[in-house]
Every structure is written in C-alpha cells, then in structure tokens.
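In: Give me a model of this one.
(one chain, ligands or ions: 3)
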Amino acid sequence: MSPKTAQELALPVGVTLDRFIMLSQSAFPYATGELSQLLRDIALAGKIINREINRAGLVDIAGGNGTDNVQGENQQKLDIIANIRFIRALKNGGEVCAILSEEDEDIIHTGNDHGKYVVAMDPLDGSSNIDVNVSIGTIFSIYRRVSPIDGPATKEDFLQGGRKQVAAGYILYGSSTMLVYSTGDGVNGFTYDHSLGEFILSHKNICSPQNGTIYSVNDGYINDYPAFVQNYLTKCKEKSCTARYIGSLVADFHRNLLRGGVYLYPSTKKTPEGKLRLLYECYPLAFIAEKSGGKAIDGFGAILDILPTSFHQRSPIYLGSSTMVDEVMRS
Ligand SMILES: O=P(O)(O)OC[C@H]1O[C@](O)(COP(=O)(O)O)[C@@H](O)[C@@H]1O
Ligand SMILES: [Mg+2]
Ligand SMILES: [Mg+2]
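Out: Ligands and ions are numbered 1, 2, ... in the order given. As a prediction, this is how the structure comes out:
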C-alpha cells in the first residue's frame, strides 16, 4: 500500500507547521526525519529574519552595505543579515552539508559532512524594496546530496537540475508573514502568528487558477523585450488585463498564485540571458508553480527541464497560471 499523501491525511487548517511536518512525515514509513528538521530550521530562520525586517526602520540596518555580491549588485545590509541568519540556522540544524547563496560566490560548507541535504537560497528577494517597506521574501530549494556522505559536498550536488528538488518554497514578509512550500505532493501555506511565535496552516493544498487577468512585468523595459513578449503584452492591454508589478519576485508570484496571473522576466538587451537566477529563484518557484497546477517556462521549454551549468546562471522566466503561460509561448 503506497504511503498516504499529506493531502489524504486531511490535515486541518489551523494546525501548526510543526504538527503538519510531523504528520506529513508519518505518510512516509521510511522517512528518517532529517528533511522534517531541515524544514523546521528554515522556518526558524524565517522567524528571525522577519523580526529583523519588522524593525528595519528603527535601527541602523536599512540601506546599502557598501559591498557588491557575485552578480555585481549592491548588497543591502538586510541581504547580508538574512544571509548570515540563514546560514547559521542551517548550520546549527545539522541536516545541511552545504549551502549555495545569491550573496556568496562559492559553496558554503557547513561542517555537517554527515548532512544528507544541500540548500540553494535567495536569502532576501526584492532587495530594491527593503527600505521602502514593500513586501520582500526568501526563496529556498532543497536537494538530497549525490556526493558521498561524510565527505565535503561538491558542485554536482547543486547542479542536479530542477526536477531533482526534494522540496522548495519561499517566505513572504508582507502584511503578514507566510511560509509556502512543497515536498512534491501539493503546496501548502502557513501564516506566522506573532503572538504564538508559530507558523499556522492557513492555505491548504494551494491550486493555481488555470487562468487569470493579472500580468506582472517591468513595463519600463518593454522596448527591450523579445517580439513574442511585446505581442503578448499588447494582447493583455487589448483585453484590459490588470497590470500588477511589485518588483519583488516572491510577492508578485504569491499574488498570482492565489488570484491567477502570470509573471514575466524576459531577456533584455541589458540581460540577454535574463535577470533571475536559475538555481535559487527560477527552479524553486517553478517547482511550486508546477506542484500547484501552474507552469513555468523560459520561452522555449519548462524551467525545470533546463540542465544547469553554473551556480549563478540566469534564465528568462514566465510563470503562473497555465493558460496564460501557454499564451505567452504562443505569442
Ligand atoms: O527592478 P527590476 O529589473 O524590475 O527587477 C525586479 C526583480 O529583481 C529582483 O529584485 C531580483 O531579486 P533580488 O532582490 O533577490 O536580487 C526580483 O525580486 C524582482 O522581481
Ligand atoms: Mg531574488
Ligand atoms: Mg536576493
């Protein structure tokens, strides 16, 4: 008899994340609890970063850090703080042997060589919105390592390809703070209850609406986009679709996931290979999109089918409601 899925376990809205993880694990008789612990460690890091973000305007953690990351982007102080907090939580948790972060050029070895998992992450997404109190997020992607246990992780552990993710998700720091993730069967969302210090199941088995009227794109670059994108955006305007663009990928994606819509970050003359990073932005959100019934493409095929070649490679991305993504592709 195959293990019961989390959905079949009928976990009620209102259970804590901890209980949800425990019961979901019981659906897998051979589970040993390491992935469960890792998900808890990510939730803990999320709580800590949430606290820092909430008081960003009060203390001297706003603004630039005066340093650039491997992508040549100015790092915000909160980019650095989120990076440090996440690395520390995953190191202390013990289940992760290595981390790949947007803020670091190379693999970060945690010293937990016995750890079975590696994590690729965007510790703070939407950095341009940090100082103006607009929703931002954290994005994560989890793989089971392929390198021998008890040795150092290798680059092959991170270049397995999007379909090899064992779990992925994001934390949205918005009007409320939410953790949304999938371990492959269904997508669930948990809202942070500050008074309890707990993530509570609030959005069970999220299904992306097949179609929608919202499109999210930086319209300012329209003349730089490929012809098929310009055609698609013209059609959207002809149909009086609704333009919504926060400029934080996690926030734009989340709204469209619940309401129906499509997010587009095409290639441009400035970024011919696209702006968003494959391993810790595109793959994890494509995983959530597909597991909730949506789609994610690069203009040629599925994002999850792209074979990665380097840690910080970029890709154009079109993701969200399946009918709208198909329409982009046909434009
Ligand atoms: O300002 P642009 O070019 O529209 O880009 C906005 C996009 O860039 C990002 O900020 C890139 O992510 P980071 O903030 O993690 O670097 C996305 O969140 C967002 O969707
Ligand atoms: Mg980002
Ligand atoms: Mg970032």
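
In: from here on, contacts and neighbour counts on C-alpha atoms
Out: Will do.

In: Tell me the secondary structure of the residue lying closest to residue 221 once chain neighbours are set aside, please.
Out: Take residue 221 and drop its neighbours on the chain: the residue closest to it by Cα to Cα, 6 or more residues apart in numbering is residue 268, 7.6 Å away. Counting by DSSP: H, G, I helix; E, B strand; the rest coil, the backbone at residue 268 sits in coil.

In: I'd like to know how many residues surround residue 268.
Out: A total of 17 residues lie near residue 268 under the criterion other Cα atoms under 10 Å.

In: Over to residue 270?
Out: 10.

In: Quick check on it: phi, psi?
Out: phi -70, psi -40 (degrees, to the nearest 10).

In: Next, the buried residues of the helix or strand of the chain with the lowest mean pLDDT.
Out: Every helix and strand of the chain was ranked by mean pLDDT, DSSP states H and E. The lowest is strand 64-68, at a mean of 83. Buried positions in strand 64-68, judged by neighbour count with 16 or more other Cα atoms under 10 Å: residue 64.

In: Listing partners with orientation, what would you give for it?
Out: Using DSSP bridges, strand 64-68 pairs in its sheet with strand 74-76 (antiparallel).

In: hang on, isn't residue 297 packed against residue 303?
Out: Yes. Shown here, residue 297 and residue 303 form a contact pair, counting by Cα atoms under 8 Å, at 4.8 Å.

In: Those two: who's more crowded?
Out: residue 303 (27 against 24).

In: isn't the more buried one right up against residue 285?
Out: No. The pair residue 303 and residue 285 does not pass the contact test of Cα under 8 Å, sitting 9.6 Å apart.

In: just to revisit the earlier point, between residue 297 and residue 303, which contacts overlap?
Out: residue 317 (Cα atoms under 8 Å, 6 or more residues apart in numbering).

In: ok, residue 172 touching residue 178?
Out: Yes. Using Cα under 8 Å, residue 172 is in contact with residue 178, at 5.2 Å.

In: now the strands for the stretch 101-250 of the chain?
Out: Taking DSSP state E, counting those that start in this stretch to define them, one finds strands in the stretch 101-250 of the chain at 108-109, 117-125, 136-144, 167-173, 177-182, 188-193, 198-203, 214-216, 242-243.

In: Among those, which comes closest to residue 259?
Out: Of all the strands of the stretch 101-250 of the chain, the one in closest proximity to residue 259, counting by Cα to Cα, is strand 214-216 (8.1 Å).

In: List of residues touching that closest one?
Out: 236, 241-245, 252, 256, 260-264.

In: can you rerun that using 7 Å?
Out: Strand 214-216 has contacts (Cα atoms under 7 Å, 6 or more residues apart in numbering) with 241-245, 252, 260-264.

In: what's the spacing between the residue nearest to residue 331 when sequence neighbours are not counted and ligand 3?
Out: Nearest residue to residue 331, sequence neighbours excluded (Cα to Cα, 6+ apart): residue 228, at 4.9 Å. Noted for residue 228: a distance of 28 Å to ligand 3, by Cα to the ion, to the nearest Å.

In: Kindly report the same for residue 172.
Out: Going from residue 172 to ligand 3 by Cα to the ion gives 13 Å.

In: So in terms of bridging, what pairs with that residue?
Out: Residues in beta-bridge contact with residue 172 (DSSP bridges): residue 137, residue 178.

In: my guess is it meets residue 179, correct?
Out: Yes. Using Cα atoms under 7 Å, residue 172 is in contact with residue 179, at 6.5 Å.
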